[in-house]
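# Just to be clear, the model below is a prediction. Sequence and coordinates:
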2 protein chains.
Amino acid sequence: MDSTPAQVPEGEDLERRAAELHDAMLVVDGLQYSHWNRGVLEELRAGGLAAVHVTIAYHELARETLSRIGEWNRRYQVHADLIRPVREISDIRRARDEGRVGIFYGFQNCSPIEDDIDLVEIFRQLGVFVMQLTYNNQSLLGTGCYEEVDSGITRFGRQVIAEMNRVGMLVDMSHSAERSTLEAIELSRRPIVISHANPASFHPARRNKSDAVLRALAESGGLLGFSAYPFHLRGGSDCTLADYCDMIARTADLMGIEHIGIGTDLCQQQPAEVLTWMRNGRWARELDYGEGSAEQPDWPTQPDWFRNAADFPQLTRGLLAHGFSEDDIARIMGGNWYRILEDGTQPRSA
Amino acid sequence: MDSTPAQVPEGEDLERRAAELHDAMLVVDGLQYSHWNRGVLEELRAGGLAAVHVTIAYHELARETLSRIGEWNRRYQVHADLIRPVREISDIRRARDEGRVGIFYGFQNCSPIEDDIDLVEIFRQLGVFVMQLTYNNQSLLGTGCYEEVDSGITRFGRQVIAEMNRVGMLVDMSHSAERSTLEAIELSRRPIVISHANPASFHPARRNKSDAVLRALAESGGLLGFSAYPFHLRGGSDCTLADYCDMIARTADLMGIEHIGIGTDLCQQQPAEVLTWMRNGRWARELDYGEGSAEQPDWPTQPDWFRNAADFPQLTRGLLAHGFSEDDIARIMGGNWYRILEDGTQPRSA
């Protein structure tokens, strides 16, 4: 099966059904980290997104993270016609009704809370709904997926998971190592997410997840967001939409249709320095290439069916062409994200 | 007129009327900075307070201020039966209905925003409703009341006042110098407060305010909170309740009954080190005694009619004995604070 419209069997009818369905759904992207100029924000709206989980910290400490939030506050003023903050999850529906895109925050690392558990609640008050316990390295909470030894969740990590459960912040293990991930699933009293990764069975990247992890994630009520970052795709930038949708179908069989969503990992228009910051922070003297290499140090090229967020309707079309029901597509494209956000971010007593 | 119950002319009848009135009112203290152990919080409730403006920063930078907020978040858990956070002003009424005391935050200095105007909105999001532009010294925004030269509101100060107006944070000039205060009143597009000070005509302390300032404050719709800190009282610790209530009556004549409230400046059970921190922060090598002196470096003793917040009903009794109407007492004891908080902390477009 090919991904270009002309060769899809149902032709114009499929196009029309896909467009109608896409407009009717609540579409949520479970992770992006772009250079948020007006053009990129316009792509979000063109893609029909009701909400996007935006990364606001990789290695930033608390004070720096406040400035990242301050930058978003300025964007809400300057681009008030395009975006709005998601202060509570129902704001995602409000955003869609207003024809705007709701923005909610996440950390890809625990650096913003430094060594201070009180900062979990404070950042939750500021609208941070998701935090990865680790980026690629060992953190104060757990082990990242690039470490040689995975020692699991730390003493501080156990306390922070409990605190995140209490204040309503989703635990995200996208960049974590296997044992740490399984322990986080076990320790958390609320479902957790892997916001942006794919099954290792689809493509054996270090960032992709074993069936054991995906099964445990689903059994605990959690959610996997499928990445569209070329390093996570079979065939990289040449991966086809049909292959991508086939991966989704196989994962639905493994995990159940309630436990999957989209988390594209789109990084639009970021300069190479930002990639260097993500990979090296302040910890590396010797350059680390992360998922890249000395030969390919730069951003990979997006597949032609998903060049930017304006291509979101292509995913709906691909899923429809693959044979998913409309209800299941609505779950995958945002319904499941909405549910886990609504359930998982309500504060509750300890 | 004496302040002890037995000598008040109306006797038991006054006592009963004062107690009933006090229970029926929404009582707000416009400033306290105490050592917030359970005993002190119990005094707040015993005093019948619906809400207290608590100082959370004198010289703290942004990161340290987050820890002060974190400490309050812990107190809300530990003392959930006594206190609750005021996230929106209507929470003050909720607190009273629940038999708890609502807590809202203020800064006595602009140090928490450092040099970053974006931090105004971020701290507003975290529940900071009031900020003094200066403590006793020159700040980045204006001049404090202990400086020799008062150069008025700075370039940064003008921008910050406009930003506070936009996000809904009250400008407080309690510790500011005269010219800076008059300029802040003029520049602010929303009414401002002097949360804790008295008229200089009552007692000529450097922290008390001239009639010119008080008149301008009232004309712009602002509010003065009367201090019960002995250094601001005629006769210091020996000031009588009758004298205090007479000061209130004279100020009501000057400013109008709508423009006065209470801001006790109570600092309960704080060790001397905290006084040194307030007065010296990190700026002084040579010890500064602020309103004290080398001979009297410690906290002053509270007057016997206002030893702590549990004595709040005494103020109601004193005002009733002085001849204020019940409506006017309700305004002074909290109604005016409630109104200016409700009007002044709603965000509005720039």
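Okay, I see it.
# all helices in chain A, in order from the N-terminus.
All helices of chain A, identified by DSSP state H, fall at A:12-24, A:38-46, A:62-78, A:91-98, A:118-125, A:155-167, A:178-187, A:211-219, A:241-255, A:272-280, A:312-322, A:326-330, A:336-344.
# I'd like to know which of these is closest to B:Gly323.
Of all the helices of chain A, helix A:118-125 sits nearest to B:Gly323, with 45.6 Å by Cβ to Cβ. For glycine as for every other residue, the C-beta is placed from the backbone atoms N, C-alpha and C.
# I'd guessed A:Gly152 sits against A:Ser180; true?
Yes. Under the criterion of Cβ atoms under 8 Å, A:Gly152 makes contact with A:Ser180 at 5.4 Å.
# hey, what's in contact with both of the two?
Shared contacts of A:Gly152 and A:Ser180 (Cβ atoms under 8 Å, 6 or more residues apart in numbering or on different chains): A:142-143.
# These two - which one has more neighbours?
A:Ser180 (26 against 18; other Cβ atoms under 10 Å in any protein chain shown).
# residue contacts, the nearest residue to that one once chain neighbours are set aside?
Distance criterion Cβ to Cβ, 6 or more residues apart in numbering or on different chains; nearest residue to A:Ser180, sequence neighbours excluded, is A:Gly142 at 3.9 Å. Counting by Cβ under 8 Å, 6+ apart, A:Gly142 touches A:133-134, A:152-154, A:157, A:173, A:176-177, A:180, A:183-184.
# how about a cut-off of 6 Å?
A:133-134, A:153, A:157, A:176, A:180 (Cβ atoms under 6 Å, 6 or more residues apart in numbering or on different chains).
# and of those residues, the nearest to B:Thr345?
Distances from B:Thr345 to the contacts of A:Gly142, taken by Cβ to Cβ, are shortest for A:Leu133, at 35.9 Å.
# A:Ser111 versus that closest one, what's the distance?
To A:Ser111, A:Leu133 is 11 Å away according to Cβ to Cβ, to the nearest Å.
# quick one, which of those two is more surrounded?
Shown here are A:Leu133 and A:Ser111; by other Cβ under 10 Å, A:Leu133 has more neighbours (30 against 20).
# Now do the more buried one against A:Glu43, distance only.
A:Leu133 is 30 Å from A:Glu43, where distance means Cβ to Cβ.
# that older thread, just tell me which of the helices of chain A ends up closest to A:Glu295.
Nearest of the helices of chain A to A:Glu295, taken as Cβ to Cβ: helix A:272-280 at 14.4 Å.
# Can I get that closest one in CSV, CA atoms only?
Provided in CSV are the C-alpha atoms of helix A:272-280 (Å, rounded to 0.1, in the frame of the first residue of the first chain):
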residue,chain,number,x,y,z
ALA,A,272,21.6,22.6,15.0
GLU,A,273,22.7,24.3,18.3
VAL,A,274,19.4,23.2,19.8
LEU,A,275,20.1,19.6,18.9
THR,A,276,23.5,19.9,20.5
TRP,A,277,21.8,21.4,23.7
MET,A,278,19.3,18.5,23.8
ARG,A,279,22.1,15.9,23.4
ASN,A,280,24.8,17.5,25.5
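# ok now it, how far from the chain's centre?
Remark: helix A:272-280 is offset 18 Å from the chain centroid, using Cα atoms, centre = their mean, to the nearest Å.
# which outside residues touch that helix?
Here helix A:272-280 has contacts from A:58, A:288, A:290, A:298, using Cβ under 6 Å, 6+ apart.
# Narrow these to those that are buried.
Buried subset of the contacts of helix A:272-280 (neighbour count, 16 or more other Cβ atoms under 10 Å in any protein chain shown): A:58, A:290.
# out of the contacts of helix A:272-280, who's nearest B:Leu241?
Nearest member of the contacts of helix A:272-280 to B:Leu241, counting by Cβ to Cβ, is A:Tyr58, at 59.2 Å.
# From what I see, the closest one and A:Gly106 are in contact.
No. If you go by Cβ atoms under 6 Å, A:Tyr58 and A:Gly106 don't touch, sitting 10.9 Å apart.
# returning to what we had before: can I get the contacts of helix A:272-280 in CSV with distance to B:Gly334 and pLDDT?
Formatted as CSV, the contacts of helix A:272-280 follow (distance: Cβ to Cβ, whole Å; pLDDT from 0 to 100):
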residue, distance to B:Gly334, pLDDT
A:Tyr58, 47, 96
A:Asp288, 59, 90
A:Gly290, 58, 89
A:Asp298, 62, 90
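# Closest one of the contacts of helix A:272-280 to B:Arg190?
Distances from B:Arg190 to the contacts of helix A:272-280, taken by Cβ to Cβ, are shortest for A:Tyr58, at 38.4 Å.
# Give the closest residue to A:Gln270 in space, chain neighbours not counted.
A:Gln270's closest residue in space is A:His35 (Cβ to Cβ, 6+ apart), at 4.9 Å.
# I misspoke; the intended subject was A:Pro300.
Spatial nearest neighbour of A:Pro300, chain neighbours left out: A:Pro230 (3.9 Å); criterion: Cβ to Cβ, 6+ apart.
# List the contacts of the residue nearest to A:Asp150 when sequence neighbours are not counted.
In space, and not counting its chain neighbours, A:Asp150 is closest to A:Ala177: 3.8 Å by Cβ to Cβ, 6+ apart. Counting by Cβ under 6 Å, 6+ apart, A:Ala177 touches A:143, A:145, A:150.
# Neighbour-wise, which one of those residues leads?
A:Thr143 (27 neighbours).
# what does the stretch 101-250 of chain A have sitting close to chain B?
A:118, A:121-122, A:125-126 (Cβ under 6 Å from any Cβ of the partner chain).
# Any of those residues buried? List them.
A:118, A:121-122, A:125-126.
# Poorly predicted segments of the stretch 1-150 of chain A, please.
The model of the stretch 1-150 of chain A has pLDDT under 70 over residues A:1-10.
# circling back: closest to chain B out of the contacts of A:Gly142?
A:Gly157 (18.7 Å; Cβ to the nearest Cβ).
# From chain B, how far off is A:Glu186?
25 Å (Cβ to the nearest Cβ, to the nearest Å).
# correction: A:Arg285
26 Å.
# hey, which strand is longest across chain A?
Ranked by number of residues, the top strand in chain A under DSSP state E is strand A:49-57.
# what about that one, distance to the chain center?
In this view, strand A:49-57 has its centroid 8 Å away from the chain centroid, taken as Cα atoms, centre = their mean.
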